[in-house]
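>>> Structure for this input, please:
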Amino acid sequence: MNAPPWRIAFFGTPSFALPTLRTLFEGPDEVIAVITQPDREKGRGRRVLFSPVKEFALQHGLPVLQPEKAKEEAFQEALKILQPDLIVVVAYGQILPKSILKIPKYGAVNVHASLLPKYRGAAPIAWAILNGEKVTGVTTMVMDEGMDTGDILLQAEISIGDEETCESLYDQLSSLGGRLLRETLEKMKAGDIRPLSQDHSKATYAPPLKKEDGHIIWKKEAKEIHRQVRGFNPWPVAFKKWGDQLLKIYKGEIKEGRTTGKTGAVVWVGSDFIEVETGKDSYRIKEVQLEGRKRMTVRDFLSGHPISVGTVFH
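Modelled structure (predicted):
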């Protein structure tokens, strides 16, 4: 016998949440409200931009709520009136208070882009790459008042390729999250799932990224710099000073064995790379963006900005 449809309130903001929202919209349950962060002004023209989740909701006729803070009394009253059976949260951007988690009949489920208890927090995808992990994944969990501390429902793993960027891994985990949420709901309705407590002693954290985190220190090993370039693509992007201008580095590769003893110095300029000395091995820069210019290959960059061996990146 099929379970009756559940009334679901969905909390989410960035594009990462879209596959899960689409899964709910196309599934047997009813999305009774989409809750997302308030609209923000962006760019020089201060243009008001909707979140990707709001865009999807409006396109598909779903009601949208945008409280400044989820703990606002008026918002919580509005949510109670809706009488959701379940709350689903994917990268909403705020921690929900206990008063909200108590509203739905079946509680709240979070879709998180790591294999909890590893990488609790705001930037699990980037930190998995930065720390050289070979495997990551998605966790669905029962939400509590902590930050990603609730009981685990299901997990799914994927491997991290040697050239994986935060952007490419984001897309894979986003799709995986939608599929795992579907399986989670099916098992919840069938009574075929048992929440499992996290081992809090094994917890690690993934704090929000800051622009300055992208600053490259050439004294580090080339493999660390390579992870930084990949983990910070597309934001905040690894960077270094070239003269008095900022040079963002989007892509490169490790070149083993070359050592001159001067970190940060250009040791070789090829037709499509700039090779820079690091603390161990060297790093070949292959795709860049100079301040105020468009992103381009190093081949194109060198045609207008010749660089000689011995130049030092500060």
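
>>> Report the contact partners of the residue lying closest to Gly264 once chain neighbours are set aside.
Excluding the flanking residues, the one nearest Gly264 by Cβ to Cβ, 6 or more residues apart in numbering is Trp218, at 3.8 Å. (Glycine included, C-beta is placed from N, CA and C.) Neighbour list for Trp218: 225, 240, 263-264, 276-279, 313 [criterion: Cβ atoms under 8 Å, 6 or more residues apart in numbering].

>>> Show me just the buried residues among these.
Neighbour counting over the contacts of Trp218 (16 or more other Cβ atoms under 10 Å) leaves 225, 240, 263-264, 276-278, 313 as the buried ones.

>>> Now, the residues you listed that are in strands?
240, 276-277 (DSSP state E).

>>> Between these, which sits nearest Gly292?
Lys240 (15.9 Å; Cβ to Cβ).

>>> That closest one pairs with what?
Note on Lys240: beta-bridge partners by DSSP bridges are Leu247.

>>> Pretty sure it sits against Val266.
No - with contact defined as Cβ atoms under 8 Å, Lys240 does not reach Val266; the gap is 11.4 Å.

>>> if I look at His112, how far off is Gln198?
11 Å (Cβ to Cβ, to the nearest Å).

>>> overlap in contacts of those two?
Taking Cβ under 8 Å, 6+ apart as the criterion, His112 and Gln198 both touch Met141.

>>> neighbour-wise, which of those two wins?
Shown here are His112 and Gln198; by other Cβ atoms under 10 Å, His112 has more neighbours (26 against 20).

>>> where does the more buried one fall, phi/psi-wise?
phi -120, psi 140 (degrees, to the nearest 10).

>>> which element is the residue nearest to Gly264 on?
For Trp218, there is no helix or strand it lies in under DSSP states H and E.

>>> And for the one 10 residues further on?
In this structure, Gln228 sits in helix 222-231 according to DSSP H and E.

>>> who touches that helix?
Contacts of helix 222-231 (Cβ under 8 Å, 6+ apart): 126-127, 129-132, 163-166, 214, 216, 218, 220, 238, 249-256, 278-283.

>>> of these, buried ones?
126-127, 129-130, 164-166, 214, 216, 218, 220, 238, 249-255, 278, 280-283.

>>> What about those residues, which are in strands?
Per DSSP E, the subset of those in strands is 238, 249-255, 282-283.

>>> what lines up beside the host helix or strand of Val89 in the sheet?
Using DSSP H and E, Val89 sits within strand 86-90. Under the criterion DSSP bridges, strand 86-90 sits next to strand 7-12 (parallel), strand 108-112 (parallel) in its sheet.

>>> how about those in a markdown table, adding mean pLDDT and distance to Val31?
What follows is these, written out as a markdown table (pLDDT from 0 to 100; distance: least, Cβ to Cβ, whole Å):
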| stretch | mean pLDDT | distance to Val31 |
| --- | --- | --- |
| strand 7-12 | 98 | 5 |
| strand 108-112 | 98 | 14 |
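
>>> any chance of those in a markdown table, with distance to Leu86 too?
A markdown table is the format used below for the strands paired with strand 86-90 (distance: least, Cβ to Cβ, whole Å):
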| stretch | distance to Leu86 |
| --- | --- |
| strand 7-12 | 5 |
| strand 108-112 | 7 |
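
>>> any residues in contact with both of Lys240 and Val266?
Common neighbours of Lys240 and Val266 (Cβ under 8 Å, 6+ apart) are Phe313.

>>> Give the residue spans of the stretch 51-200 of the chain that score low on pLDDT.
Within the stretch 51-200 of the chain, no range satisfies pLDDT under 70.

>>> in it, which spans are strands?
64-65, 86-90, 108-112, 135-142, 152-159 (DSSP state E, counting those that start in this stretch).

>>> any idea how far Pro67 is from Glu73?
Distance from Glu73 to Pro67, by Cβ to Cβ: 10 Å.

>>> out of those two, which sits in the more crowded spot?
Using other Cβ under 10 Å as the criterion, Glu73 and Pro67 rank with Pro67 on top: 17 against 8.

>>> Tell me how many other residues surround Gly146.
Quick note: Gly146 (other Cβ under 10 Å) scores 11 neighbours.

>>> my read: Ser282 touches Val267, true?
Yes - applying Cβ under 8 Å as the test, Ser282 and Val267 come out as touching, 5.9 Å apart.
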